[in-house]
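Novice: This is a predicted model, with the sequence first.
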Amino acid sequence: MFGRNKNNAPAVVDVNPGEVMAALGTVQEPELGGDLVTRKMIEDLKVEGGKVSFTVVLTTPACPLKNQIESEARAAVMSVPGVREVRVNFTSRVVPKFGGNHRQILPGVAHTIAVASGKGGVGKSTMSVGLAVALQQSGARVGLLDADIYGPNVPIMMGVETMASQQGERLIPAESHGVKIMSMAFFLTDSSPAVWRGPMVSKMIQELLTKVDWGELDYLVIDLPPGTGDASLTLAQTVPLTGAVVVTTPQDVALSDVVKGVEMFKKLNVPLIGMVENMSYFVCPHCRERTEIFGHGGELTAKRLDLPFLGEVPLHPAIREGGDIGMPLLVSAPDAPQSRAIRRVAEQAAARISVLTLKNRPASISNRTFIPLTPR
Ligand SMILES: Nc1ncnc2c1ncn2[C@@H]1O[C@H](COP(=O)(O)OP(=O)(O)OP(=O)(O)O)[C@@H](O)[C@H]1O
Ligand SMILES: [Mg+2]
């Protein structure tokens, strides 16, 4: 009988690597479009007997759709005659948003992410720290620039112990929880002005951006001061920004602050990565009941403003405490529900950055400009 030997056991069929690739060619990249083979995302295919292994090259280590890609790739390959076992490995190469002249200012930095809000105290710094740590934990190389010259608190929130240092003209960033950190706080002295005027703000931010040895980074997260002031303006005019993340809280989603912030980035031609709703809800630690203290509606507002909604982060004392003691909750309790919420936001942001970068680029270009990234 065809396909069976005389003991009626299935015959061993040699697996044809071409058929494996053809099967993988039916699996779509869920966000960027195109299939995994055309997008040159499959590498290192090995066939040994009925065992098949290959590596999927993602556009970000923080890819939220990794599991979906894995199960679809696995199912496709399992359907190839003779395949008994499939091993899917992952790696990632973050493709820079800009090339050529644009990269002269921050040559080793693939993406710059500005974190902004229309008004103060909504959790920009907390979200900047969260984004930076979550991306770092996914395996990316990450920097965090505290551009809040009025109240730079990133070093405290990140538990920085050794200040940034200077080597000749260059500034060497501090490092904590695996993230490179630069902040105005390292340079403020007693004689620093209490009130910064526009040109001084611009100059400080330019120095912090351009004189720092960031090395090779996949993502540089930039925590902005509140509002639509000089800092955002200077930033957008000094470096090509991959995009901005706008942080809101439910009580100000309806306010014109959010709209103003969004409009400013649009005017400056800075793409919007999306909106995060922080302090979104509170889960009572005793009764587990979810209360929406400030109301709800971030997702709706995002839709109305035509912004991708990156997710919501609950109001929780552990998030504030983590900031106060310099030990982000993502580090001390990576599996806490609040940490998961922040991680989801970071993954959505990373996915959106890949889309902004690669959606309309032919796969062949992305393959040549890849920066290799060591998987964790
Ligand atoms: N989800 C949260 N749950 C509990 N506390 C939070 C949360 N997000 C932020 N906080 C706390 O709220 C306070 C303000 O947050 P943060 O400093 O991040 O805001 P900000 O927008 O950067 O403020 P500013 O406009 O002054 O720069 C901090 O004490 C922080 O720990
Ligand atoms: Mg802040």
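Specialist: Arrived safely. From a predicted model like this one, the values you see are computed outputs, not experimental measurements. Ligands and ions are numbered 1, 2, ... in the order given.

Novice: what's downstream of whichever helix or strand Lys303 is part of, the next helix or strand?
Specialist: Per DSSP states H and E, Lys303 falls inside helix 298-304. Remark: after helix 298-304, the chain's next helix or strand is strand 309-313, criterion DSSP H and E.

Novice: what comes into contact with that next one?
Specialist: With contact meaning CB atoms under 8 Å, 6 or more residues apart in numbering, strand 309-313 is reached by 123, 127, 130, 245, 273-281, 298-299, 302-303, 319, 338, 341-342, 344-345, 348-349, 352. Where C-beta positions appear, they are placed from N, C-alpha and C, glycine not excepted.

Novice: For Arg320, list the residues it contacts.
Specialist: Taking CB under 8 Å, 6+ apart, we find Arg320 in contact with Thr126.

Novice: Now for Gln104, how many residues are close by?
Specialist: Gln104 has 9 neighbouring residues, counting by other CB atoms under 10 Å.

Novice: Double-check that Asp257 belongs to a helix.
Specialist: Yes: checked against DSSP: H, G, I helix; E, B strand; the rest coil, Asp257 lies within a helix.

Novice: Verify the contact between it and Ala116 for me.
Specialist: No: the criterion here is CB atoms under 8 Å, and Asp257 misses it with Ala116 at 10.7 Å.

Novice: neighbour count winner among those two?
Specialist: Counted by other CB under 10 Å, Asp257 and Ala116 do not tie: Ala116 has more neighbours, with 28 against 20.

Novice: wouldn't that one be in contact with Phe265 here?
Specialist: Yes: taking contacts as CB under 8 Å, Ala116 lies within contact range of Phe265: 7.4 Å.

Novice: low-scoring stretches of the protein, by residue?
Specialist: 1-12, 100-103, 189-198, 228, 252-255, 292-297, 360-376 (pLDDT under 70).

Novice: Tell me which residue of it lies closest to ligand 2.
Specialist: Nearest to ligand 2 in the chain, going by CB to the ion, is Ser125, at a distance of 3.3 Å.

Novice: pull the CA atoms of the helix holding Lys303 into CSV?
Specialist: What follows is helix 298-304, C-alpha atoms only, in CSV (Å, rounded to 0.1, in the frame of the first residue of the first chain):
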residue,chain,number,x,y,z
GLY,A,298,-9.0,56.3,26.6
GLU,A,299,-9.6,53.9,23.8
LEU,A,300,-12.5,55.9,22.5
THR,A,301,-10.5,59.1,22.6
ALA,A,302,-7.7,57.5,20.8
LYS,A,303,-10.1,56.3,18.1
ARG,A,304,-11.6,59.7,17.8
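
Novice: Whether it contacts ligand 1 - can you check?
Specialist: No: judged by CB under 6 Å from any ligand atom, helix 298-304 makes no contact with ligand 1; its nearest approach is 12.8 Å.

Novice: What helices and strands are in contact with that helix?
Specialist: In terms of contacts (3 or more CB pairs under 8 Å, 6 or more residues apart in numbering; DSSP states H and E), helix 298-304 is packed against strand 272-278, strand 309-313.

Novice: Out of the ones you listed, which is closest to Arg93?
Specialist: Shortest distance between Arg93 and the helices and strands packed on helix 298-304, using CB to CB, is found for strand 272-278: 19.6 Å.

Novice: If we go by neighbour counts, what in that closest one is buried?
Specialist: Of all the residues in strand 272-278, those buried under the rule 16 or more other CB atoms under 10 Å are Leu272, Ile273, Gly274, Met275, Val276, Glu277, Asn278.

Novice: Reformat these as a markdown table; add distance to ligand 2.
Specialist: Output for these, formatted as a markdown table (distance: CB to the ion, whole Å):
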| residue | distance to ligand 2 |
| --- | --- |
| Leu272 | 19 |
| Ile273 | 18 |
| Gly274 | 19 |
| Met275 | 17 |
| Val276 | 14 |
| Glu277 | 17 |
| Asn278 | 12 |
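
Novice: Cross-check those against ligand 1 and keep the overlap.
Specialist: Checking the buried residues of strand 272-278 against ligand 1 (CB under 6 Å from any ligand atom), the matches are Asn278.

Novice: closest to Leu45 among the buried residues of strand 272-278?
Specialist: Closest approach to Leu45 among the buried residues of strand 272-278 (CB to CB): Ile273, at 33.6 Å.

Novice: Could you find the closest non-adjacent residue to that closest one?
Specialist: Spatially, and ignoring its direct neighbours in sequence, Ile273 is nearest to Gly243 (3.9 Å; CB to CB, 6 or more residues apart in numbering).
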